[in-house]
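Visitor: Structure of the sequence below:
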Amino acid sequence: MASVYKVIEIIGGSEKSWEEATKKAVELTSKNLKEIRVAEVKELDARVENGKVVEYRVKLRVSFKYKPE
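Guide: Prediction:
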């Protein structure tokens with residue numbers, strides 16, 4: 001039987017870097033979604049306050065194996 005995957009979008013944030021924002025978002029998501037296969041970076045942005053970057057944010061498309069109940 002062929003595999004089927006579902007794709008969702010998530011957004012992660014970090015005060016340090018886009019890489020850390022990505023890692024944290026995937027790790028937290030994997031606690032609730034099993035068999036994550038791919039995390040594709042779709043967009044990067046940064047939150048700015050008083051002329052300084054205070055948070056790096058990443059929008060990800062995450063795919064995981066779909067198992068109908």
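
Visitor: Near Val58, how many other residues are there?
Guide: For Val58, the neighbour count with other Cβ atoms under 10 Å is 25. Where C-beta positions appear, they are placed from N, C-alpha and C, glycine not excepted.

Visitor: Please list all residues in contact with Ser17.
Guide: Tyr56 (Cβ atoms under 8 Å, 6 or more residues apart in numbering).

Visitor: what about 10 Å?
Guide: With contacts taken as Cβ atoms under 10 Å, 6 or more residues apart in numbering, Ser17 has the following neighbours: 23, 56, 58.

Visitor: Hmm, the first one is touching Tyr56, no?
Guide: Meaning Lys23. No. Under the contact definition of Cβ atoms under 10 Å, Lys23 does not touch Tyr56, with a separation of 11.6 Å.

Visitor: anything in contact with each of those two?
Guide: With contacts defined as Cβ under 10 Å, 6+ apart, the residues shared by Lys23 and Tyr56 are 12, 14, 17.

Visitor: So what does the second one look like in phi/psi?
Guide: When quoted as degrees, to the nearest 10, the phi and psi of Ser14 stand at phi -150, psi 150.

Visitor: Could you tell me how many residues sit around it?
Guide: A count of nearby residues for Ser14, using other Cβ under 10 Å, gives 17.

Visitor: Likewise for the first one?
Guide: Gly12: 21 surrounding residues under other Cβ under 10 Å.

Visitor: beta partners for it?
Guide: Under the criterion DSSP bridges, Gly12 forms beta bridges with Val58.

Visitor: what's the answer for Val62, then?
Guide: According to DSSP bridges, Ile8, Ala39 are recorded as the beta-bridge partners of Val62.

Visitor: can you give me the strands in the protein?
Guide: Using DSSP state E, the strands assigned to the chain run over residues 5-14, 36-49, 52-65.

Visitor: quick one: which of Lys23 and Tyr56 has more around it?
Guide: Taking neighbours as other Cβ under 10 Å, Lys23 and Tyr56 compare with Tyr56 leading, 20 against 15.
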